[in-house]
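In: output the structure for:
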Amino acid sequence: MRIDESYILVCRDLDKIKTYITDNYQNTNIKIFAPDDFLLENAKEVVREAYIAESEQKIIVMISKSFNLIAQNSLLKILEEPPRNITFIMCAPSRMIFLPTVRSRLTIKVLEADVKLQKSGLDFKRMGIGEIYSFIKDKRYMEKNELKSLIQGIMEEICEQDIKLNAHELSFFEKILHLAELNSSSSNLLSCALLAIYHRKNR
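Out: Now for the predicted structure:
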C-alpha cells in the first residue's frame, strides 16, 4: 500500500500502532524504529536510513512513547523535504508530544485505543487553585497505568481547549509522563501538571 504523504499517527496503545502498520503496509518496504524514548541518536539513524537511495517507496516508521525535543528539531528539515521515495510515519500516544513545528509539517491521524482515554473534565482557562487542590486530593491514590492515562488525557484536553504550550512546557509534560511510568506520586505529578497549566493561562 502506497501512501501519498508523511503523517503523525496518534494512539495510546503502541502495540496497536505496530499491528496497524504491519497489517496496512505489509507489501511495502518498511523500516521501523521503536525505542522506548526517541533520542537524538535515533533521529540520526532515521536520517541515515532516509538517505539510502530507493527506486520504490520506503516508509520509515518511528514509534515511541516520547520524542526528545532535540531529536524532533533535528528531523525538521528532512520531514519538510524528504528524499525521493521516502515517506515518514511518526507514532506516539499523544499529538502533544510533538513540537508545533513538527505538527505543522505533517497531517495527524488518530487510531482509537481499545481502552478509553481518561480525561480530567477541567476547564483549564477558568481553573483556580482551590479546584486544583480538590482534584488532586480526589486522585491521590491512582495506579500507574491509570495515572498515565489521565496525564495523556490532560495533554489532549490542553490541545482541545486551545492552550498553546512552548517547547520548554512540552518537554516538561514529557518528563511528567516519564515519571508516571516510574511510579512517581500521582499527587506530585498532577500538582506539577495542573500548576503548569494554571501559570500558562494566567500569563
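In: domain assignment for the protein?
Out: Annotated domains of the chain cover 7-110, 129-201 [automatic domain parsing].
In: comparing those domains by mean pLDDT, which bottoms out?
Out: Mean pLDDT values for the domains of the chain show the minimum at domain 129-201, a mean of 89.
In: which helices and strands sit right next to the helix or strand containing Lys109?
Out: Element membership for Lys109 (DSSP states H and E) is strand 107-110. Counting contacts by 3 or more C-beta pairs under 8 Å, 6 or more residues apart in numbering; DSSP states H and E, strand 107-110 packs against strand 7-10. Heads up, the C-betas are built off the backbone N, CA and C, glycines and all.
In: please pull up the helix or strand immediately following the strand it packs on.
Out: helix 14-24.
In: Met62 bridge partners, please.
Out: Phe33, Met90 (DSSP bridges).
In: can you start the count at 51 instead of 1 from here on
Out: Yes, from this point I'll number from 51; that puts the last item at Met112.
In: show me the contacts for it.
Out: Phe83, Ala84, Phe88, Asn92, Val96, Phe138, Ile139, Met140, Cys141 (C-beta atoms under 8 Å, 6 or more residues apart in numbering).
In: again, 7 Å this time
Out: Phe83, Phe88, Val96, Met140, Cys141 (C-beta atoms under 7 Å, 6 or more residues apart in numbering).
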